[in-house]
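Engineer: give me a 3D structure for the following:
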Amino acid sequence: MATKKASTKKKTTTVRKSVSSSSNSKDLILNAPIGALFGELIGTFLLAAIVISTQGQPIFVLFALTAIVLTVGNLSGAHVNPAITFGAWATKKIPTAKAVGYIIFQVLGAMLAFAALNALLGGQASSASPYTGQVTKPELFAATQLVSGKEWYAFYASVLGMSIFGFAVAAALRETKERFAAAFTVGGGLFLGLIVAGSTAILNPAVAVALQAFSNLKGSDALWYAILAQVIAPLIGSAIGFFIYDYLRRDVDGK
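Structural biologist: From the prediction side, this is the model:
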């Protein structure tokens, strides 16, 4: 009789554990990833909207990104940049499936920012110059077009600027206690990267979409150069920054 009761109790415990495990798995699938993905979407939406609204001025972007990291950092880590996600993936800080999901939602967030601001722009009245009388329609801020024959300079500038930014983000990942310090490190890293890289660098492939960096281009090779400068270069630069920081950190730790 005692053996039967023990067996029944064991089965009940096993069933409860199974249900608990199933429930945890369900929560993991439905809650954590969805929350993280939408954190990336919201964060990238805000970043792209700020860049467009402030015409990409680095000082405004610094404070905007700092606030975004503080706002959605607990949800997703606030990558809000496909290049940063790529650098984290390349250094094995994020799994492949999660990285792909982040990048998709980051691009969606940037596209939504463009659509929202473009819709708001439609409600603004045209203005006439007091000197010429010429009527101009309000337009969204767009990326600076690459200078013909100088495209590779933009590519190298983006690699350099993104290496600085990626290095800063990799350093911020070590800041587990002080959230503001980590957020300001990320925002400051982007500020430094933008200043060093110059006006042609965006250092964010998703935001480059919102800034129309791949549309209204002149010349058959213009699109490929834009992709090189605004997508490939940031990916390479981010990976370089992450790898350099990790290497130096291991050297300091002696591991």
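
Engineer: drop to CA atoms for contacts and neighbour counts, all remaining ones
Structural biologist: OK.

Engineer: what is the burial count for residue 74?
Structural biologist: 13 (other C-alpha atoms under 10 Å).

Engineer: that one sits in which helix or strand?
Structural biologist: Using DSSP states H and E, residue 74 falls within helix 58-76.

Engineer: distance between the following helix or strand past that helix and the chain's centre?
Structural biologist: Next along the chain after helix 58-76, taking DSSP H and E as the criterion, comes helix 82-90. Relative to the centre of its chain, helix 82-90 is centred 9 Å away, using C-alpha atoms, centre = their mean, to the nearest Å.

Engineer: so the helix or strand following helix 82-90 versus helix 58-76, what angle?
Structural biologist: Next along the chain after helix 82-90, taking DSSP H and E as the criterion, comes helix 96-121. Helix 96-121 and helix 58-76 are oriented at 130 degrees to each other (axes from the mean of the first three to the mean of the last three C-alpha atoms, to 10 degrees).

Engineer: which positions within helix 96-121 qualify as buried?
Structural biologist: 99, 102-114, 117 (16 or more other C-alpha atoms under 10 Å).

Engineer: next: stretch 169-189.
Structural biologist: Buried residues in stretch 169-189 (16+ other C-alpha under 10 Å): 169-172, 179, 182-189.

Engineer: that stretch - what's its average pLDDT?
Structural biologist: Mean per-residue pLDDT for stretch 169-189: 89.

Engineer: can you give the distance of that stretch from its chain's centre?
Structural biologist: Offset of stretch 169-189 from its chain centre (C-alpha atoms, centre = their mean): 15 Å.

Engineer: got the contact list for that stretch?
Structural biologist: Outside of stretch 169-189, the residues within contact range by C-alpha atoms under 8 Å, 6 or more residues apart in numbering are 61-67, 69-70, 84, 164-168, 241-242, 245-246.

Engineer: quote the end-to-end distance of that stretch.
Structural biologist: Length of stretch 169-189, first residue to last, C-alpha to C-alpha, to the nearest Å: 7 Å.

Engineer: returning to that earlier point: out of the buried residues of helix 96-121, who's nearest residue 80?
Structural biologist: residue 106 (5.9 Å; C-alpha to C-alpha).

Engineer: after the lowest-mean-pLDDT helix or strand in the chain, which helix or strand is next? Please name it.
Structural biologist: Ranked by mean pLDDT, DSSP states H and E, the weakest helix or strand in the chain is helix 2-30, scoring a mean of 42. Later in the chain than helix 2-30, the nearest helix or strand by DSSP H and E is helix 32-53.

Engineer: quick one: low-confidence parts of the chain?
Structural biologist: The chain contains residues with pLDDT under 70 at 1-32, 123-138, 175-176, 254-255.

Engineer: any idea how far the most centrally placed residue in it is from residue 166?
Structural biologist: The residue lying closest to the centre of the chain (C-alpha atoms, centre = their mean) is residue 81, at 1.5 Å. Using C-alpha to C-alpha, we find residue 81 at a distance of 11 Å from residue 166.

Engineer: equivalent analysis for residue 227, please.
Structural biologist: Counting by C-alpha to C-alpha - residue 227 and residue 166 are separated by 19 Å.

Engineer: settle it for me: which of those two has more neighbours?
Structural biologist: Of the pair residue 227 and residue 166, residue 166 is the one with more neighbours under other C-alpha under 10 Å, namely 35 against 16.

Engineer: my guess is that one meets residue 239, correct?
Structural biologist: Yes: at 7.1 Å, residue 166 counts as touching residue 239 under the criterion of C-alpha atoms under 8 Å.
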